[in-house]
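Undergrad: The sequence and its predicted three-dimensional model are supplied below.
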Amino acid sequence: MARFLSSLRSRLMLLVLLSALPALGLTLYTGFEQRRIAAESVKESALRLTRLAATNQAALAEGARQMLISMAFLPQLRDSSSSECSAFLAELHKSYPSYSVLAAVTPEGDIYCSSSPSTEPTNIADRQYFQEMLQTRDFVIGDYILGRISNEPVLPFIYPVYDETGQLVYAVLATLDLDWLDSLISAVRLPEGAAILTVDDQGTILSRFPDPDAWVGKQLPEAPLISALLSRKGEGTLETTGLDGVLRLYAFTILESNSGGFAYVGVGIPENIAYAEVNRATLRNAVSIVAVTVLALIAASYISKVLLLDQIYALLNSTNRIAGGDLTARSRVPYKAGELG
């Protein structure tokens, strides 16, 4: 290094190189700052989508409450032995296709009438939402669960019907599947590689896009993404590896119920997609600075030779000749104003 810097030309080129470093450093710093801004923008956009999902669920819950109140006193539901009850609910279900099941339930939790009759007796007395209804004596939104009739992830709504003496006569039940979330997803243009999932408070995957068949129903509370979601207890954003091993920027929020449980809906955007434009711009600017620096080094090498080094070498040569006794030596450097003139 010392031998390299002994050359005046090398020192001049080093000076040019050092003058370019601040610009390169500023470009890299700007790139990192733009990455941070891009990440915040992507997370905020994803968070808006999760909030929209929560708002839609709240609107669906209110719609379910009004529908169940309307159903509650229909005469077709009062006779638990009526063979026409299930047929009536099946016909009514055509007007409410967003629900997976409409049913009527005895005070003991037996489903005696359903829009999708089961060949096996179905009892929901152990379900948290049914017990909550018995305690509150009012409309209850349950937690996301796997339905015993549909065997699909559903959100249950239940409303009790009492007689004049205050005794529970029966309850009307509706379960909402996650098709509403699929409709919301299809209405939003997500980038390639994006992932959306719904997870209950036990770490069970209720829905996942893409590849629902590979993930729905699995309980993975120790997975990095799900563990991070369950530990937050609210909405937020994070950067972590998804279930498929892809690093994504996630935003999530809670889908609440009034039976004490909750579920999370999360939207993840791949990191390489989120940072793609910023990375391209940073690389383009860095390459431009390096190219300009190389051209500057080439120009500095040529210009220093023509304007400086040739004159210095000529003066040095004539000085050495004079020192050797040749008093006729001349540098032949044209006289002009300046340090070497």
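TA: Right, received. Where do you want to start? None of the values given here were measured: they were computed from a predicted structure.
Undergrad: Just give the nearest non-adjacent residue to Tyr129, would you?
TA: Spatial nearest neighbour of Tyr129, excluding adjacent residues (CB to CB, 6 or more residues apart in numbering): Gly142 at 3.0 Å. Backbone N, C-alpha and C define where each C-beta goes, glycine included.
Undergrad: Surely the one you found and Gln128 touch.
TA: Yes. If you go by CB atoms under 8 Å, Gly142 and Gln128 touch, sitting 6.6 Å apart.
Undergrad: Which one's more surrounded, these two?
TA: Using other CB atoms under 10 Å, the more surrounded residue of Gly142 and Gln128 is Gly142, with 24 against 17.
Undergrad: if I look at that one, how far off is Leu155?
TA: In this view, Gly142 and Leu155 are 7 Å apart by CB to CB, to the nearest Å.
Undergrad: Pretty sure His93 sits against Leu102.
TA: Yes. At 5.2 Å, His93 counts as touching Leu102 under the criterion of CB under 8 Å.
Undergrad: neighbour-wise, which of these two wins?
TA: Taking neighbours as other CB under 10 Å, His93 and Leu102 compare with Leu102 leading, 25 against 18.
Undergrad: Buried residues in the helix or strand that contains the more buried one, which are they?
TA: Assigned by DSSP states H and E, Leu102 falls within strand 99-105. Using 16 or more other CB atoms under 10 Å as the test for burial, strand 99-105 gives Tyr99, Ser100, Val101, Leu102, Ala103, Ala104, Val105.
Undergrad: beta partners for the first one?
TA: Beta bridges link Tyr99 to Leu176, judged by DSSP bridges.
Undergrad: And it, what's its pLDDT?
TA: Here, the pLDDT recorded for Tyr99 equals 85.
Undergrad: Pull the contacting residues for it.
TA: For Tyr99, the contacting residues are Ala64, His93, Ala174, Thr175, Leu176, Asp177, by CB atoms under 8 Å, 6 or more residues apart in numbering.
Undergrad: Now do the contacts for the residue nearest to the second one when sequence neighbours are not counted.
TA: To tie it back to what came earlier, the one meant is His93. Distances taken as CB to CB, 6+ apart place Ser115 nearest to His93, at 3.9 Å, with adjacent residues excluded. Under the criterion of CB under 8 Å, 6+ apart, the neighbours of Ser115 are Ser86, Leu89, Ala90, Leu92, His93, Val101, Leu102, Ala103.
Undergrad: Mind putting those residues into JSON lines with distance to Glu239?
TA: As requested, the contacts of Ser115 are exported to JSON lines (distance: CB to CB, whole Å):
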{"residue": "Ser86", "distance to Glu239": "50"}
{"residue": "Leu89", "distance to Glu239": "47"}
{"residue": "Ala90", "distance to Glu239": "47"}
{"residue": "Leu92", "distance to Glu239": "47"}
{"residue": "His93", "distance to Glu239": "43"}
{"residue": "Val101", "distance to Glu239": "39"}
{"residue": "Leu102", "distance to Glu239": "42"}
{"residue": "Ala103", "distance to Glu239": "43"}
